[in-house]
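Novice: need a 3D model of the following:
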Amino acid sequence: MKRFLILALVAWTSCGQIEQLELAPDIEGIITAFEVEGQTRSQINVATRTVSIEVGEGVDLTHISVTKLTLGPTATCSVGVGDVIDLSAPLQIVITTIASYTWTVSATRTFDLKRALPGGNFDEWNMTGTRTWNPWPEGGVWEQDRWWDTGNGGVALLGPSNSTPTEPGEGSPANPAGRAARLESTWVVFKAAGGNIYFGKFGKFNGLDATCDLGHNWQSKPRGLKGWYKYFPQPIDRVSDAHVAIHPFGLTRDQWMGSPDSLHVCVALWASPDGRDIPFTVDTNISSFVDFSRDADGVLAYGSFVSAQEQASWSEFSVDMEYFTDAPLPSNTQLYLLVTSSKNCNYFIAGTGSVAGTSGSLMYVDELELVYD
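Specialist: Below you'll find the predicted structure:
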C-alpha cells in the first residue's frame, strides 16, 4: 500500500515545534460487484484483482453488456453499466482512486450436456409491416426468445412471405393446440425461392440474392433430431441456368425439369477452421452454399432427412447424426438446423407451382427436438 507524504507542508505549533503532516493511506481501487447479461455467476478476487464470469452456452462473448458495476469508495472505472465489452479474451480494465489499478475480467461458458433445442415448437410469430412473418415473438431478443429465422427478409420485398405460421390449433399431434411452420416454394420475379426456416438469422438482401447466417454457439452433442411434418411436393418447374453448372449433382436443365421436388431437413455441428466464433454464412450471390459432407472444412457431425413423397397427414421423422471426430467439440462450435420445402432451392431449383391454380411444394414442420439418449 502506497503512502503519500506531504513533505513541504510545515506548521509551527504553539511550542515552536515543527510537525510533518502525513496524508492517510491511499484507498485501493476495488470492484465490489460486476455482472454482465446472460451470466450464470461471477466471482471477484480482490487479492488478484480479477473478475471471473460464467455465462450460458448461447451468449455471444464478443458483444456483451455490463449490467451491474459497483466500486469501492472514491473509485472510478474505465467501463460502466450499459457498456458493451468483448470477453472472448481476458479484458483489462482500470480502476482509479489516487492511483490506478488494473483488473482483469474473463469469461467462460457453462455447458448443458443435454441442452434442449430452443424454439422448436414454432408457436410464436410476429409480423413486420404487412407481409414479413418472423418466427419469434414481438420484441423478441436475440438468443433469448429469438433463435430462428426465414428467407422472408428477402422474399417479402417482392411479394408475400412464403414461410409462415399456421393458425393456432393447427399444430402437430405433439402440440395440437399450437402452431406449426408452413413452408411453400414460390417464384419470386426471376428466381425460385424455397420455403425455409433455419436456426440462425437472415443477413441481407442483395439484388435478387441474399445472405443468411446459420448457427448458434453449441457445446452439447445430440445423437440426432426428431420432429413432425407433412409434405405436398410439386414437380420441379423452375431451374436457374446460371446454377445448373455448379450443382454437385451434375444434371442438365432438362433432367431437372419435371423431376420430383423434395423436402430437406439437415442438422450439423460445425466450427470455423480458423478458430473464429462465427456462424456459417450462406451467400447465393457468390454461390457460397451449405456443404456438410464429411470432407467439408469444419464439419464435426451431420445428419439429414430427404423425401420426395407426399405425406398428407402429420407423421414423425427422425435424423441420426454421424460424428466425424471423437475429439471434444471446439469452443467455437455452432449448431446448424435447416428445414426447407425444396432441397435445391439454394441453387434456385424448385417446384413452384407455375401452372395456374397450383401451389408450390408445401411442407409443414413442428415440434423439432434434439435427441440425446
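Novice: how deep is the closest residue in space to Glu37 that isn't next to it in sequence tucked in, by neighbour count?
Specialist: In this structure, Glu37 finds its nearest non-sequential neighbour in Ser65, 4.8 Å apart by C-beta to C-beta, 6 or more residues apart in numbering. (Each C-beta comes from the backbone N, C-alpha and C, glycine too.) Ser65 has 13 neighbours, counted by other C-beta atoms under 10 Å.
Novice: residues in contact with Ser65?
Specialist: Val36, Glu37, Gly82, Asp83, Val84, Ile85 (C-beta atoms under 8 Å, 6 or more residues apart in numbering).
Novice: can you tell me which of those has the most neighbours?
Specialist: Most crowded among the contacts of Ser65, counting by other C-beta under 10 Å, is Val36 at 23 neighbours.
Novice: can you give me the helices for the stretch 201-350 of the chain?
Specialist: 241-244, 253-256 (DSSP state H, counting those that start in this stretch).
Novice: and those helices, which one's lowest on average pLDDT?
Specialist: Lowest mean pLDDT within these: helix 241-244, a mean of 69.
Novice: circling back: and which of the contacts of Ser65 is nearest to Tyr372?
Specialist: Lowest distance from Tyr372 to these (C-beta to C-beta) belongs to Glu37, with 27.8 Å.
Novice: contacting residues for that closest one?
Specialist: Val59, Ile64, Ser65, Thr67.
Novice: likewise for Tyr101?
Specialist: Residues in contact with Tyr101 (C-beta under 8 Å, 6+ apart) are Glu28, Gly29, Ile30, Arg49, Val94, Ile95.
Novice: excluding chain neighbours, what is closest to the third one?
Specialist: Once flanking residues are discounted, Ile30 sits nearest to Gly72: 4.1 Å by C-beta to C-beta, 6+ apart.
Novice: check the fifth one too.
Specialist: Excluding its sequence neighbours, the residue lying closest to Val94 (C-beta to C-beta, 6+ apart) is Ser78, at 4.4 Å.
Novice: just want the most central residue of this structure.
Specialist: Among the residues of the chain, the one closest to the centroid is His216, at 3.4 Å (C-alpha atoms, centre = their mean).
Novice: distance of it relative to Ser307?
Specialist: Per C-beta to C-beta, to the nearest Å, His216 is found 26 Å from Ser307.
Novice: who touches the stretch of helix or strand Ile93 belongs to?
Specialist: Element membership for Ile93 (DSSP states H and E) is strand 91-96. With contact meaning C-beta under 8 Å, 6+ apart, strand 91-96 is reached by 29-31, 71-72, 75-79, 85, 100-106.
Novice: average model confidence for stretch 313-324?
Specialist: In this model, stretch 313-324 has a mean pLDDT of 96.
Novice: and that stretch, C-alpha only, in PDB?
Specialist: Coordinates of each C-alpha in stretch 313-324 appear next as PDB, following Å, rounded to 0.1, in the frame of the first residue of the first chain:
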ATOM      1  CA  SER A 313     -51.200 -36.300 -42.600                       C
ATOM      2  CA  TRP A 314     -48.900 -35.500 -39.800                       C
ATOM      3  CA  SER A 315     -46.000 -38.000 -39.500                       C
ATOM      4  CA  GLU A 316     -43.000 -38.200 -37.200                       C
ATOM      5  CA  PHE A 317     -39.500 -38.200 -38.700                       C
ATOM      6  CA  SER A 318     -36.100 -38.800 -37.100                       C
ATOM      7  CA  VAL A 319     -32.500 -37.900 -38.100                       C
ATOM      8  CA  ASP A 320     -29.400 -39.700 -36.900                       C
ATOM      9  CA  MET A 321     -26.200 -37.600 -36.700                       C
ATOM     10  CA  GLU A 322     -22.900 -39.100 -37.800                       C
ATOM     11  CA  TYR A 323     -19.900 -37.700 -35.900                       C
ATOM     12  CA  PHE A 324     -16.700 -37.400 -37.900                       C
END
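Novice: quick one: buried residues of that stretch?
Specialist: Trp314, Phe317, Val319, Met321 (16 or more other C-beta atoms under 10 Å).
Novice: just the residues contacting that stretch, thanks.
Specialist: Taking C-beta under 8 Å, 6+ apart as the rule, stretch 313-324 contacts 172-173, 221-230, 265-269, 294, 299-305, 307, 364, 366, 371.
Novice: please indicate which of these are buried?
Specialist: Among the contacts of stretch 313-324, the ones that count as buried by 16+ other C-beta under 10 Å are 172, 221-222, 224-230, 265-269, 299-305, 307, 364, 366.
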